[in-house]
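Visitor: predicted model and sequence below, questions to follow.
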Amino acid sequence: MNRNLYSILALVFAFSLYGQPGSGMGKNYDASKEVTVSGTVTEITRVPHGDMREGIHLAMSAGNETLVVMLGPTFYLEKQSVKVLKGDSITVIGSRTGNAIIARQVTKGSQTLKLRTETGAPVWGRGGR
């Protein structure tokens, strides 16, 4: 029961970051708060987000905590060869704020999904080219 409550609170926190005026996910990336965390995907959520239409967030169980991992826009992720699914064991490198991580890179087995540059610029937009 507590795990579900933490998941819900983490998602609410992530949604509040996601929807702040003038700030997309990449604009909140802080390289000084970068962490590497491994865990298991427990949920995948599509989140509406203005100009990017929708993004994909994961709930990830890592040790005794549940984290929300913000990946990026659906249009970009659907074109990638690496697919992250519920139940997958993954390692995430990203900028952490509370229980939310803005992912820069996700590794699943020997496959790596690159989402942002080392400074946090999204690879799906002009800033990541």
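Guide: Okay, I see it.
Visitor: show me where the chain has helices.
Guide: 2-18, 74-77 (DSSP state H).
Visitor: weakest of those helices in terms of mean pLDDT?
Guide: In terms of mean pLDDT, the lowest-scoring of the helices of the chain is helix 2-18 (a mean of 46).
Visitor: pull the longest strand from this protein.
Guide: Criterion DSSP state E: the longest strand present in the chain is strand 34-48.
Visitor: so what are the sheet partners of that strand and their directions?
Guide: strand 54-62 (antiparallel), strand 89-97 (antiparallel) (DSSP bridges).
Visitor: identify the bridge partners of the residue most central in space within the chain.
Guide: Most central in the chain under Cα atoms, centre = their mean is residue 70, positioned 2.0 Å from the mean C-alpha point. Counting by DSSP bridges, residue 70 forms beta bridges with residue 57, residue 102.
Visitor: that one reaches residue 103, doesn't it?
Guide: Yes. Taking contacts as Cβ atoms under 8 Å, residue 70 lies within contact range of residue 103: 6.3 Å. Just so you know, the C-beta spots here come from the backbone N, C-alpha and C atoms, and that holds for glycine as well.
Visitor: where do the contact lists of these two overlap?
Guide: The contact sets of residue 70 and residue 103 overlap at residue 94 (Cβ atoms under 8 Å, 6 or more residues apart in numbering).
Visitor: residue contacts, residue 104?
Guide: Here residue 104 is in contact with 29, 34, 93, 94, 95, 114, 115, 116, 117, 118, 120 (criterion: Cβ under 8 Å, 6+ apart).
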